[in-house]
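Visitor: Following is a predicted model, sequence given first.
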Amino acid sequence: EVQLQASGGGLVQAGGSLRLSCAASGFTSDDYAIGWFRQAPGRGREDIGCVTSSDGVTLYRDSVKGRFSIPRDNANNMVYLQINSLKPEDTAVYYCAAGEDPSGPFDYWGQGTLVTVSS
């Protein structure tokens, strides 16, 4: 059974950094592209970026380039979301998901983890 579990959220001050983890089970993490998404209060879900399965290339939406990165640890079936220079507008529930195609759809979703950034 394919499962993903996001963790590592919490309350952080603006300007700080946070690393979220996505643990994959039921498949090896390099079989799929792993994407990160977030949903802020009262807003729709938006994609952040993903790491491809074939060559580990990472893709990001323009608004997060430079502050977000997605390291991948295939040996431990983990994918991370590193967030630097956190802003209050980064407050959201963050999700990881897996799919065969980095452009979507993402078929498997983990439970989200809440990140709250205080100003």
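Guide: Nice, thanks for sending it over.
Visitor: what's near enough to touch Ala24?
Guide: The contact partners of Ala24, taken as Cβ atoms under 8 Å, 6 or more residues apart in numbering, are 2-4, 32, 34, 77-79, 98. Bear in mind the C-beta positions are built from the backbone N, C-alpha and C, glycine included.
Visitor: which SSE is the spatially most central residue of the chain in?
Guide: Computing the C-alpha centroid of the chain and ranking residues by Cα atoms, centre = their mean puts Trp36 first, at 2.9 Å. Per DSSP states H and E, Trp36 falls inside strand 33-39.
Visitor: what sits up against the helix or strand following that strand?
Guide: Remark: after strand 33-39, the chain's next helix or strand is strand 45-51, criterion DSSP H and E. Applying Cβ under 8 Å, 6+ apart, the set of residues contacting strand 45-51 from outside is 33-39, 57-61, 64, 68, 70, 72, 79, 81, 94-95, 102.
Visitor: 6 Å instead?
Guide: Applying Cβ atoms under 6 Å, 6 or more residues apart in numbering, the contact partners of strand 45-51 are 33-39, 58-60, 64, 68, 70, 72, 102.
Visitor: still on that earlier bit, buried ones only from the contacts of Ala24, please, as a ChimeraX command.
Guide: In ChimeraX syntax, the buried subset of those is picked out as below (16 or more other Cβ atoms under 10 Å):
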select :4,32,34,77,79,98
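Visitor: mind putting the contacts of Ala24 in JSON lines, distance to Asp47, pLDDT and secondary structure included?
Guide: Converted to JSON lines, the contacts of Ala24 look like this (distance: Cβ to Cβ, whole Å; pLDDT from 0 to 100; DSSP: H, G, I helix; E, B strand; the rest coil):
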{"residue": "Val2", "distance to Asp47": "20", "pLDDT": "85", "secondary structure": "coil"}
{"residue": "Gln3", "distance to Asp47": "21", "pLDDT": "91", "secondary structure": "strand"}
{"residue": "Leu4", "distance to Asp47": "15", "pLDDT": "93", "secondary structure": "strand"}
{"residue": "Tyr32", "distance to Asp47": "15", "pLDDT": "89", "secondary structure": "coil"}
{"residue": "Ile34", "distance to Asp47": "12", "pLDDT": "92", "secondary structure": "strand"}
{"residue": "Asn77", "distance to Asp47": "22", "pLDDT": "88", "secondary structure": "coil"}
{"residue": "Met78", "distance to Asp47": "20", "pLDDT": "90", "secondary structure": "strand"}
{"residue": "Val79", "distance to Asp47": "14", "pLDDT": "92", "secondary structure": "strand"}
{"residue": "Ala98", "distance to Asp47": "14", "pLDDT": "93", "secondary structure": "strand"}
